[in-house]
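Enquirer: The sequence and its predicted three-dimensional model are supplied below.
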Amino acid sequence: METDVAILGGGAAGLSAAREARRQGATATIVNRGPLGGDCTFTGCVPSKTVIEAAKAGLGFTEAFTRARSVVAHIAATESADRLREEGIEVIDDEGTLTAVGRAPALQVGTRTITAAGVVLALGSRPFVPPIPGLDRVRFLTTDSLWELDRAPATMVVIGGGPIGVELSQALARLGVGVTLVEMAPSILTREESAAVDLATRALEGDGVTVLTGASVSQVEPAAGETAAAAASAATVVLADGRRVVADRILVAAGRQPNSHRGGLAEAGVALDERGSVTNRDSLQTSVSGVYVAGDLAGRLQFTHAADHMGRIAAANIVSRFGRIRPQRFVAGHVPWVTFTDPEIARIGHTEAEAARLVPGAQVAELPLAEHDRALAADAIDGFIKIIAAPRPVLGMTGGGRIVGATIVSERAGEMMAEIALAVRLGAFTGRLAQSVHAYPTWSYGVAKAVGQFFTTIEGRTARPAREETVAVPG
């Protein structure tokens, strides 16, 4: 069997690669065992954000989880094999192995060999389970199995203070679960602005979450006196400093690891890094000619929208006549992300501390939500807008320079970040955002008010040099 683009994996990256190939008039074949859509549809973004919204709306645990399963089913139907075949994409429900026929990359599926102009590896990732002594003696939950719960546990320990752990801790607490969040690092959300971390911690604690940072888990003990079957859920989490936290359930939310153990990648000569991610160039080309990687397997940014973007780049670089001469590149600094807590935390590019270290001449404009009219009207003033700009070669800060980073902590922060992401992607002058007319009093009006500081004093605030040791923005 021959195809232009053969894709190993049917998650967000695989689907977008196939659709991009078809958009450019090429043929595409997806090899994937099981339902299409990947973890985002079934165990990640879709159910988690549905539950987050349900908790925010005041729904109960059972209703929230029932709604999540309904939304998953609805979205999964739009990504079915039949739907993709209607789009001209071949789908094979089976395991595939990367191989080669002569110099051309290929996939081996049972007794069939699928040769292609190029292969996209899009095998995704799975929850990382740290090697904690005793954890294997209890029936712990991960983001894969959490959604199977049919009733709320009274108490839960969440291990991991990254975006997934933080989002779910707040949502579960709002659904009536007594949550203790345990993070071994000095703070939660270690990649974010320190002021954003402070606000997120306060928000979690305000919803009843006990936040324990700098807390390493030394072991897990099944609940005393219970049978082996009963002890599969209740347990005691023992911290390195001797503290003990008893909970009905444990949720491990300690990040994700790439599925590079599948597909015969190592045997085919695909180079992996120390984390098990596939090494790749900015074009997403791997160490094997004609083989590209996209999504979580690439070890870059583990977000669905990043995977979608990478899938399109990989497919375009295979089928476009310019792909080998001037390939498209994946630029992490162009990709925004959002932590869906309440308030949301949106980010693109550098934090202020990073910019102070890495970007000469970086300037910062910041606007506390207490000085933003829409936030005052909504009585939601815990947050801020921070935009970081840097001089352009030759032109310096003319036109406000170029945006190299931004963080927004606010209601609808993710939506507010979109115009900033566009400006970053286009390399536009910061002044373009200031010149754009923003409806008053929208949340996005605060973006214009913040970037105006690069040109003049706005209500007593002007842009200042970036500082490596940042301080909390007043709320």
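Expert: Okay, I see it.
Enquirer: Now the closest residue to F42 other than its chain neighbours. Its backbone dihedrals?
Expert: Nearest non-adjacent residue to F42, counting by C-beta to C-beta, 6 or more residues apart in numbering: V72, 5.9 Å away. Glycine gets a C-beta too; all of them are placed from N, C-alpha and C. When read as degrees, to the nearest 10, the backbone of V72 gives phi -60, psi -50.
Enquirer: cool, and V119?
Expert: phi -120, psi 140.
Enquirer: Quick check: the gap between it and A314.
Expert: 9 Å (C-beta to C-beta, to the nearest Å).
Enquirer: Tell me the strands beside the helix or strand of the chain with the lowest mean pLDDT, with direction?
Expert: Here the helix or strand of the chain ranked lowest by mean pLDDT, DSSP states H and E is strand 97-101, holding a mean of 89. Strand 97-101 pairs in its sheet with strand 104-109 (antiparallel), by DSSP bridges.
Enquirer: related to what we said a few turns ago, find residues that contact each of V119 and A314.
Expert: Taking C-beta atoms under 8 Å, 6 or more residues apart in numbering as the criterion, V119 and A314 both touch Y292.
Enquirer: more crowded one of the two?
Expert: It is A314, of V119 and A314, that has more neighbours when counted by other C-beta atoms under 10 Å, with 38 against 35.
Enquirer: Tell me which residues touch that one, please.
Expert: With contacts taken as C-beta under 8 Å, 6+ apart, A314 has the following neighbours: A13, A17, G118, V120, L284, Y292, V293, A294.
Enquirer: now the angle from the helix or strand hosting the fourth one to strand 97-101?
Expert: Assigning secondary structure by DSSP states H and E places V120 in strand 112-121. Orientation check (axes from the mean of the first three to the mean of the last three C-alpha atoms, to 10 degrees): strand 112-121 against strand 97-101 gives 110 degrees.
Enquirer: tell me which residues in the least confident helix or strand of the chain are buried?
Expert: By 16 or more other C-beta atoms under 10 Å, the buried positions in strand 97-101 come out as T97, L98, T99, A100.
Enquirer: and the second one, what does it touch?
Expert: Translated: L98. 8, 105-108, 119, 121, 263-265, 267-268, 270, 288, 291.
Enquirer: are any of those residues buried, and which?
Expert: When those are checked for burial by 16+ other C-beta under 10 Å, the buried set is 8, 105-108, 119, 121, 263-265, 268, 270, 288, 291.
Enquirer: Next, format these as TSV and append distance to A413 and pLDDT.
Expert: Formatted as TSV, those follow (distance: C-beta to C-beta, whole Å; pLDDT from 0 to 100):
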residue	distance to A413	pLDDT
L8	35	98
P105	41	91
A106	45	93
L107	41	96
Q108	46	95
V119	38	97
L121	33	98
G263	37	96
G264	42	95
L265	37	96
A268	42	94
V270	37	96
V288	40	94
V291	37	97
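Enquirer: possible to save these as TSV with distance to L395?
Expert: TSV is the format used below for the buried ones among the contacts of L98 (distance: C-beta to C-beta, whole Å):
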residue	distance to L395
L8	45
P105	44
A106	50
L107	49
Q108	54
V119	43
L121	41
G263	47
G264	51
L265	45
A268	47
V270	43
V288	42
V291	41
